[in-house]
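next input, structure requested:
(one chain, ligands or ions: 1)
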Amino acid sequence: MKNILVGVTGGIAAFKSASIVSLLKKKGYNVKVVMTENATNIIGPLTLETLSKNRVYVDMWDKNPHYEVEHISLSDWADIVLIAPATYNIIGKVANGIADDMLSTILSAVSLRKPVFFALAMNVNMYENPILNENINKLKTYGYRFIDTNEGLLACNYEAKGRMKEPEEIVDIIVRHDIASKIDNFRDALKGKRLLITSGRTREDIDPIRYLSNKSSGKMGYSLAQAAVDLGAEVTLVSGPTNLNVPDGLKEFISVDSAIHMYEKVDEKFKDTDIFIACAAVADYRPKEYQDKKIKKSDLNLTIELVRNPDILFEMGKKKENQLLVGFAAETNNIIENALKKLEKKRLDMIVANNASTMGTDTNSIEIIRKDRSSTVINQKSKTELAYDILKEVILDLKKAKDEEK
Ligand code: C5P
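The predicted structure is shown next:
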């Protein structure tokens, strides 16, 4: 497992570094922490030492029990460096080549080939200071990465930009980077490709307060959208109702409710699409008539007549020109047999078969079946990891198509 060096600087958000270290450990990473002197006023080194299960480094001139030059051995040891929180000060120092304490000295010695992330956290006036912007732009040209702040209540009582992203969001970015970096040339792997993704459930209204729907959470579709953005694609996400955060960096996010609404939006976008991934669990039926007043109960049974919804993917299969089509098959039985039927009927290039019982969960086992009926089974992985596995197949397919053109 990879080695992550976490640098903690003296912003109030330093207290959140305990959660970051703990989450990274839970994911199985080796973690070592370096703190600035100021950070130790906000959170005690002992906390981070206990959570990381490693000694915490603060002072360059500590008695060194291993007789190593520690700022060098730590910068060599790290596979990934995360500075969280990253204050105005540390960014200014790194951007201007200042190395006057343990953390800034380590940063000066980290190879530029290694990923270094700064999770910004500061008062809004500091955040808006053009000097910060200049420093960030300079550092970006050397490959340093920045995790931008959220808007929210700041320690200075302002409700504004400057609040460090939550530990879960920061750790998610690191994990995604780690998975993506296993793909060749990952930052540009889908560059210039226009992806259209449907995700989540649809909602078929019966009356003003009742509807038909299903258990899909949208997690797989959102993970695919985020992974595709991370791989350089232009992504349009058409999503049914969900509680998830909208992925960062989308070209367009379109929120829909019913299957017909989803169909209209997909149909509008399909011609300007290179890759269409239909991940949504679209309702096959909707009530024949919508009752605009609440249906009153009586002593009799109630029958609601349902009519067929359009099959979005099937319709796009008919319109397909050069688009690559990826479908999903969530089944409770005869999974592969049913998936193969859909692959053919909907003119797909690939179908991802899985057990419908995993709807709404964080992990899944899938089988990716290609047009030539060859397949790959992937067991029990997080939906984030599966998203990259699926996109890796898409990238291979695109490459094959390009090679055949030659
Ligand atoms: O036929 P079935 O609904 O099981 O096929 C599943 C695949 O078709 C999924 O990729 C799903 O997103 C897509 N689909 C669709 N429109 C529907 C039903 C399913 O795009 N009305």
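
going by C-alpha atoms from here, please, whenever you check contacts or count neighbours.
OK.

okay, and residue 108 sits in which element?
For residue 108, the element it lies in under DSSP states H and E is helix 102-109.

buried stuff in that helix?
Of the residues in helix 102-109, those buried under the neighbour-count criterion (16 or more other CA atoms under 10 Å) are 102, 103, 104, 105, 106, 107, 108.

what helices and strands are in contact with that helix?
Based on contacts counted as 3 or more CA pairs under 8 Å, 6 or more residues apart in numbering; DSSP states H and E, the elements that helix 102-109 packs against are strand 30-35, helix 70-77, helix 88-95.

and after the first one, which helix or strand comes next?
So the one you mean is strand 30-35. Scanning the chain past strand 30-35 towards its C-terminal end, the next helix or strand to appear is helix 45-52 (assignment: DSSP H and E).

equivalent analysis for the second one, please.
Taking DSSP H and E as the definition, the helix or strand that follows helix 70-77 towards the C-terminus is strand 80-86.

quick one: strands adjacent to that following strand?
Listed by DSSP bridges, the sheet partners of strand 80-86 and their directions read strand 3-8 (parallel), strand 116-120 (parallel).

nearest to the ligand, of those strands?
Between the ligand and the strands paired with strand 80-86, the shortest separation by CA to the nearest ligand atom is 35.4 Å, and it involves strand 116-120.

go through the protein and flag its longest helix.
Looking across the chain with DSSP state H, the single longest helix is helix 383-405.

which residue would be the closest one in the stretch 51-200 of the chain to the ligand?
Checking the stretch 51-200 of the chain residue by residue against the ligand with CA to the nearest ligand atom singles out residue 198 as nearest, at 6.8 Å.

which other helices and strands contact the longest helix of the chain?
Using 3+ CA pairs under 8 Å, 6+ apart as the contact criterion, the elements in contact with helix 383-405 are helix 167-180, helix 219-230, strand 363-370.

one more time with 7 Å, if that's ok
Helix 383-405 is packed against helix 219-230, with contacts defined by 3 or more CA pairs under 7 Å, 6 or more residues apart in numbering; DSSP states H and E.

contacts for the helix it packs on, please.
Applying CA atoms under 7 Å, 6 or more residues apart in numbering, the external contacts of helix 219-230 come out as 187, 197-200, 235, 237, 247-250, 279, 383-384, 387-388.

can I get the strands paired with strand 80-86 in TSV with mean pLDDT?
Rendered in TSV, the data for the strands paired with strand 80-86 read as follows (pLDDT from 0 to 100):
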stretch	mean pLDDT
strand 3-8	98
strand 116-120	98
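
export the ones you listed to a markdown table and tack on mean neighbour count?
Rendered in a markdown table, the data for the strands paired with strand 80-86 read as follows (neighbours: other CA atoms under 10 Å):
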| stretch | mean neighbour count |
| --- | --- |
| strand 3-8 | 25 |
| strand 116-120 | 22 |
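
I'd like those strands laid out as JSON lines, including distance to residue 131.
Conversion of the strands paired with strand 80-86 to JSON lines gives the following (distance: least, CA to CA, whole Å):
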{"stretch": "strand 3-8", "distance to residue 131": "22"}
{"stretch": "strand 116-120", "distance to residue 131": "14"}
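
from the helices and strands packed on helix 102-109, which stretch is densest packed?
Compared across the helices and strands packed on helix 102-109, strand 30-35 shows the largest average neighbour count, a mean of 24 (mean count of other CA atoms under 10 Å).

put the alpha carbons of that strand into PDB.
Extracted as PDB, the C-alpha positions of strand 30-35 are listed here (Å, rounded to 0.1, in the frame of the first residue of the first chain):
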ATOM      1  CA  ASN A  30       0.800   4.000   5.500                       C
ATOM      2  CA  VAL A  31       0.700   7.500   7.000                       C
ATOM      3  CA  LYS A  32       3.300   9.800   8.400                       C
ATOM      4  CA  VAL A  33       2.600  13.300   9.700                       C
ATOM      5  CA  VAL A  34       4.700  16.400   9.700                       C
ATOM      6  CA  MET A  35       3.300  19.500  11.500                       C
END
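
which helices and strands sit right next to it?
If contacts are counted by 3+ CA pairs under 7 Å, 6+ apart, strand 30-35 sits against strand 3-8, strand 56-57.

out of those strands, nearest to residue 166?
Relative to residue 166, the nearest member of those by CA to CA is strand 3-8, separated by 14.7 Å.

can you name the next helix or strand after that closest one?
Proceeding C-terminally, strand 3-8 gives way to helix 17-26 as the next helix or strand, assigned by DSSP H and E.

give me the contact list for that next one.
Applying CA under 7 Å, 6+ apart, the contact partners of helix 17-26 are 8, 31, 48, 51, 52, 84, 167, 171.

same question for stretch 72-90.
With contacts defined as CA under 7 Å, 6+ apart, stretch 72-90 is touched by 2-9, 11, 13-14, 17, 106, 109-110, 114-122, 126, 132, 164.

any idea how far the ligand is from the nearest residue to residue 38 once chain neighbours are set aside?
If you skip the residues right next to it in sequence, residue 38 has residue 10 as its closest partner in space, 4.7 Å away by CA to CA, 6 or more residues apart in numbering. Taken as CA to the nearest ligand atom, to the nearest Å, the spacing of residue 10 relative to the ligand amounts to 47 Å.

next, residue 10: phi, psi?
phi -90, psi 50 (degrees, to the nearest 10).

near it, how many other residues are there?
Residue 10 is flanked by 23 other residues according to other CA atoms under 10 Å.

near the ligand, which residues of the chain?
In this structure, the chain approaches the ligand at residues 278-284, 309-313, 327-329, judged by CA under 6 Å from any ligand atom.
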